[in-house]
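Trainee: Make a model of this:
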Amino acid sequence: MARNLVGLDIGSRFIKAVQLTEEKDTYSITQYARIEIQPQEPIPDALRGIFESNNFQTKRVVTSVSGRFVIVRYITMPVMSEDELRNAAKYELGKYIPFEVDEVIHDCQKLEEVQEPTTPEGEKEMRVLLVAAKRTFIDEHTSLLEDAGLQPHVIDVDSFALGNCYELGSTLNPEQQDRNKLIAIIDVGATKTNINIANATTSYFTREFYKGGDDITDVLCKKMALEVKEAEVLKRNPGSEISRVSECIAGTIDDICHDINISIDFFENQYDRRVDSILLTGGCSQTVGLSEDIERTIGRPIVKWNPLENFEINLDDEKKAQLTDDMPQVAIALGLASRIRKD
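Mentor: Numbering: from 1, shown residues only. Below you'll find the model as predicted:
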């Protein structure tokens, strides 16, 4: 029997919804929609509209959160069982979060054992992922979904959704399943940039910083006296204005590239491992000159990632064309829907 799950990426300006269907160990995209949130429009109304206007087969949704009320930490702990880890995690949390432990919802996951003993006593240790979010923040987010008549299944984190999208895509294409290859997925969105450094099965480092496409748009509006929609088009397709546009946005792009570079440098120095491949996605990834500037700053090639490439797409021609056009923007929504594999 087929099972459906909808990944719902609620952005600052757009909502993207991807329905993934699992049947007989195959995964296919069976519905897609993207809408722009209208000024002053309540989020539940926008969510209700996207489901009423499109033929989604389920109201079970996976969404994500981010920001200062969400804490992600990668730590080392003595090797212990899963039950012991869950008991120990709440005590470890207090060292890393700016809230009281009883004010947060938290989870933990063992990643891998450290190969060489790192304690003075020679005890074996393991790397652990700790995630915590302010309880009131999650409650508010859940209420938005329930007010729209939806059924929250999982509340995830944006950067983990990127990793889940890559992981499921790699499963569908065994040639990509190389556990020794490290990839950095960089999603440059409207208001923020997410980074996830992972292999085909495990995330080792995530970071988000609040710089993105809106900053580039704002610069163009100010320097070239443009309306927002004009600037949005021009930054992707500057045509004969390419020299002027490139000059106007150079400083902002440099800032984004700098933060990406120091993130990758930090990981490589911390883990003494080199990132083998860098995948670029997100709505802002189409900005003129961005991928080339990242390549130049980091000193290695950038691949513009197509998160859809290994998935079967069962949509009518119009929907398929829309999904293809929106390809750089759907990685998080598709990664959220990829949670169907872990049900």
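Trainee: isn't Gly163 right up against Asn194?
Mentor: No. Counting by CB atoms under 8 Å, Gly163 stays clear of Asn194, with 10.0 Å between them. For glycine as for every other residue, the C-beta is placed from the backbone atoms N, C-alpha and C.
Trainee: what sits in contact with each of the two?
Mentor: When contacts are counted by CB atoms under 8 Å, 6 or more residues apart in numbering, the set common to Gly163 and Asn194 consists of Ile185, Thr206.
Trainee: Is Val219 in contact with Ala250, as I believe?
Mentor: No. Using CB under 8 Å as the test, Val219 is too far from Ala250 to be in contact (9.4 Å).
Trainee: Pick out whichever of these two has more residues nearby.
Mentor: Neighbour count, other CB atoms under 10 Å: between Val219 and Ala250, Val219 has more, with 19 against 13.
Trainee: Tell me who's in contact with that one.
Mentor: Cys248, Ile249, Gly251, Thr252.
Trainee: name the element it belongs to?
Mentor: helix 213-224 (DSSP states H and E).
Trainee: Determine how far that helix lies from the middle of the whole chain.
Mentor: Offset of helix 213-224 from its chain centre (CA atoms, centre = their mean, to the nearest Å): 24 Å.
Trainee: Report the buried residues of the helix or strand that comes right after that helix.
Mentor: The helix or strand immediately downstream of helix 213-224 is helix 228-236, counting by DSSP H and E. Residues of helix 228-236 classed as buried: Ala231, Glu232, Leu234, Lys235, Arg236 (neighbour count, 16 or more other CB atoms under 10 Å).
Trainee: The next helix or strand along the chain from helix 228-236 packs against which elements?
Mentor: Sequence order places helix 242-271 as the next helix or strand after helix 228-236, per DSSP H and E. When contacts are defined as 3 or more CB pairs under 8 Å, 6 or more residues apart in numbering; DSSP states H and E, helix 242-271 sits against strand 183-188, strand 193-198, strand 203-209, helix 213-224, helix 228-236, helix 290-298.
Trainee: Just want the angle from helix 242-271 to helix 213-224.
Mentor: Relative orientation of helix 242-271 and helix 213-224, computed by axes from the mean of the first three to the mean of the last three CA atoms, to 10 degrees: 150 degrees.
Trainee: Helix 242-271 vs strand 183-188, what angle?
Mentor: Going by the same axes, to 10 degrees, helix 242-271 is angled at 140 degrees with respect to strand 183-188.
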